[in-house]
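In: Any chance you could fold what I've pasted below:
(3 chains)
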Amino acid sequence: MEPIVAVASVIAAALAVGLAAIGPGIGQGTAAGQAVEGIARQPEAEGKIRGTLLLSLAFMEALTIYGLVVALVLLFANPFS
Amino acid sequence: MLDTSYGLLSLERNSFAFFTQFKPWLRESSTIFPATFCANLKNGLEMIDLVPMSLLLAKLEVGEHFYWEIAGLKIHGQVFMTSWFVIALLLLFSVLATRKIERIPSGLQNFMEYGLEFIRDLAKGQIGEKEYRPWVPFVGTLFLFIFVSNWSGALLPWKLIHIPGGELAAPTNDINTTVALALLTSLAYFYAGFRKRGLGYFARYIEPTPILLPINILEDFTKPLSLSFRLFGNILADELVVAVLVLLVPLFVPLPVMILGLFTSAIQALIFATLAAVYIGEAIEGHGEEEHG
Amino acid sequence: MSWTLLLAVEEGGGLFDINATLPLMAIQFLILAVVLNKVFYSPLGDAIDERDGYVNSSIVGAKEKLAKAEKIAQQYEQELAESRRQAQAIIAEAQAEAEKVASSQIAAAQQEAQANKEQVQKEIDAQKASAFEVLEGQVASLTQQMLDKLLSAA
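Out: Okay, here's the model as predicted:
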């Protein structure tokens, strides 16, 4: 493998995970905040809200995981090697 | 970091696939690296001898497979070995739970009934009261298989058992398994849609407007893709994070991450089953709910 | 994903190595679903449904019994109230009667006493009158005697 490709791949992998974490991070924060607000307003709906929150958090988490998968592809299955 | 981990990881030369790829480059460009890196590498190797147990649990192998050849086809043996274990566990529990069914359940029967009720509620919530019953086995098996796979990968010290190539891990740690499950889900919702609505099923592609046709068709591809990659990525990421942490600090520190991993794996199983049920419900119902993930 | 497939073919390994494991796993999974349906979902599902039916019918029966019990209790209550009312009425009647008897007796006694009193008064009056009459009869003779005595003395 060309050294330049290796370097680029490693940097790209780091960027993929790092950047992919930003959006879902903000989204998860908003979702969790809204859920807490909802629970505070309607404590009797806590169970339902928690379930929905966990599910939507996992969906957002998946976006980061996509970034991670790209990073893993670059590191372990590099198409340009 | 990279070099120390290389040292720590590659007791067997080819175990860390990343560096098997990068190895030639690493070797030929070793003059580029300062000598301290090579020293680090040696230190790392010596450290391994001091802590053999943590090494045993922490050895990281990515992209290595234990190949079996059946009728000229290559398959991943380690995936089948662990999946057979998972299947055996599920069947054992099912048979034990249903051996003597009582009206007032106790012990294992109670536990499994709780699981079944959970699955039924899941299917009922997404598919609907009228149609959910035939889909309980599919959705339930998805949930149980993924859940038990994930937890067996996280809880059982598979790595103590040595196999010639690759290492034993959760079956969902392999892209083949997750893609297989995702494609089955796709087939399932197509089947559900066709059986319920016949050729009228295709009407959903031009709903609400024919302009969305390409996006609707694309959705059929993104659904299994996102399903499989979400599960695969989460499980692999969990194992990698735990493995890297164990490499850095072998004791206690990885525990919270391991517990988080257990939690995530359970949620991922739930999500996979829920989404499969949602897709099936959508296909049966007709007009589309918005797509998830 | 096609290039990862190509890659897998090229390398014969790696993270995204998709091969015959996929269809075999799918078949295995379907078999697992069918077998689990046989040994797990069907029997336990039937058990759950049967229990639900049993519980439902029990609840219906219990509700019927409860309704019956409530009706009986109500009847009892009604009867109780009725008898209490009757008892009250009887007591009131008895009291009224007793009062009436008492008052009539008192009245009779008073009347009798009054009559006795009147009679005695009448007798007294009569005796008084007769005594006065006797005394009046004697007045003349006594005055005569007094006159005689006075005249004789003078």
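In: Check the gap between residue B:94 and chain A for me.
Out: Residue B:94 sits at a distance of 26 Å from chain A (criterion: CB to the nearest CB, to the nearest Å). Glycine gets a C-beta too; all of them are placed from N, C-alpha and C.
In: Number of residues surrounding that residue?
Out: If you count neighbours by other CB atoms under 10 Å in any protein chain shown, residue B:94 ends up with 24.
In: and it, what element?
Out: Per DSSP states H and E: residue B:94 is located in helix B:77-98.
In: Does that helix pack against any helices or strands, and if so which?
Out: Secondary-structure packing of helix B:77-98 (3 or more CB pairs under 8 Å, 6 or more residues apart in numbering or on different chains; DSSP states H and E): strand B:67-70, helix B:107-127, helix B:136-155, helix B:175-197, helix C:21-36, helix C:42-153.
In: Which parts of it count as buried, going by neighbours?
Out: Buried residues in helix B:77-98, counted by 16 or more other CB atoms under 10 Å in any protein chain shown: B:77-83, B:85-87, B:90, B:93-94, B:97-98.
In: burial measure for the nearest residue to residue B:227 once chain neighbours are set aside, as a count.
Out: With sequence-adjacent residues excluded and distances taken as CB to CB, 6 or more residues apart in numbering or on different chains, residue B:227 is closest to residue B:182, at 4.0 Å. Residue B:182 has 24 neighbours, counted by other CB under 10 Å.
In: Now for residue B:182: which residues touch it?
Out: For residue B:182, the contact set (CB atoms under 8 Å, 6 or more residues apart in numbering or on different chains) comprises B:223-225, B:227-228, B:231.
In: What residues does the stretch 101-250 of chain B have near chain C?
Out: Counting by CB under 8 Å from any CB of the partner chain, the stretch 101-250 of chain B comes close to chain C at B:101, B:103, B:105, B:109, B:112-113, B:116-117, B:120, B:136-138, B:140-141, B:144-145, B:171, B:174-177, B:179-181, B:183-184, B:225, B:236.
In: Just give me the longest helix of chain B.
Out: In chain B, with assignment by DSSP state H, the single longest helix is helix B:213-248.
In: Report the inter-axis angle for it versus helix B:136-155.
Out: 30 degrees (axes from the mean of the first three to the mean of the last three CA atoms, to 10 degrees).
In: can you pull the buried residues of helix B:213-248?
Out: The neighbour-count check on helix B:213-248 (16+ other CB under 10 Å) flags B:216, B:219, B:223-224, B:226-239, B:241-247 as buried.
In: try stretch B:164-179
Out: Buried-residue list, stretch B:164-179, by 16+ other CB under 10 Å: B:165-179.
In: Only alpha carbons, please: show it as CSV.
Out: In CSV, the C-alpha atoms belonging to stretch B:164-179 read as follows (Å, rounded to 0.1, in the frame of the first residue of the first chain):
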residue,chain,number,x,y,z
PRO,B,164,-7.4,-22.6,13.8
GLY,B,165,-8.4,-19.3,12.2
GLY,B,166,-10.3,-16.3,13.4
GLU,B,167,-12.0,-16.4,16.7
LEU,B,168,-15.3,-17.3,18.2
ALA,B,169,-17.6,-14.4,18.7
ALA,B,170,-21.3,-13.5,18.5
PRO,B,171,-22.8,-14.8,15.3
THR,B,172,-24.1,-11.3,14.7
ASN,B,173,-20.5,-10.1,14.6
ASP,B,174,-20.3,-11.4,11.1
ILE,B,175,-21.7,-9.4,8.2
ASN,B,176,-23.1,-12.6,6.6
THR,B,177,-25.5,-13.2,9.5
THR,B,178,-26.8,-9.7,9.7
VAL,B,179,-27.3,-9.5,5.9
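In: tell me the mean pLDDT for it?
Out: Stretch B:164-179 shows a mean pLDDT of 84.
In: tell me which parts of chain C are close to chain B?
Out: C:1, C:12-26, C:28-30, C:32-37, C:39-41, C:43-45, C:47-48, C:50-51, C:54.
In: Which ChimeraX command selects the buried ones in those residues?
Out: This is the ChimeraX syntax for the buried subset of the residues of chain C next to chain B, where burial follows 16+ other CB under 10 Å:
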select /C:13,14,15,16,17,18,19,20,21,22,24,25,26,28,29,32,33,35,36,37,39,40,41,43,44,45,47,48,51
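In: residue contacts, residue B:76?
Out: By CB under 8 Å, 6+ apart, residue B:76 lies in contact with B:65-68, B:166, B:174, B:176, C:17, C:19, C:21.
In: of these, closest to residue A:22?
Out: Distances from those to residue A:22 were compared by CB to CB; the smallest belongs to residue B:174, at 29.5 Å.
In: measure that closest one to residue C:146 for me?
Out: Using CB to CB, to the nearest Å, residue B:174 is found at 167 Å from residue C:146.
In: Lovely, talk soon.
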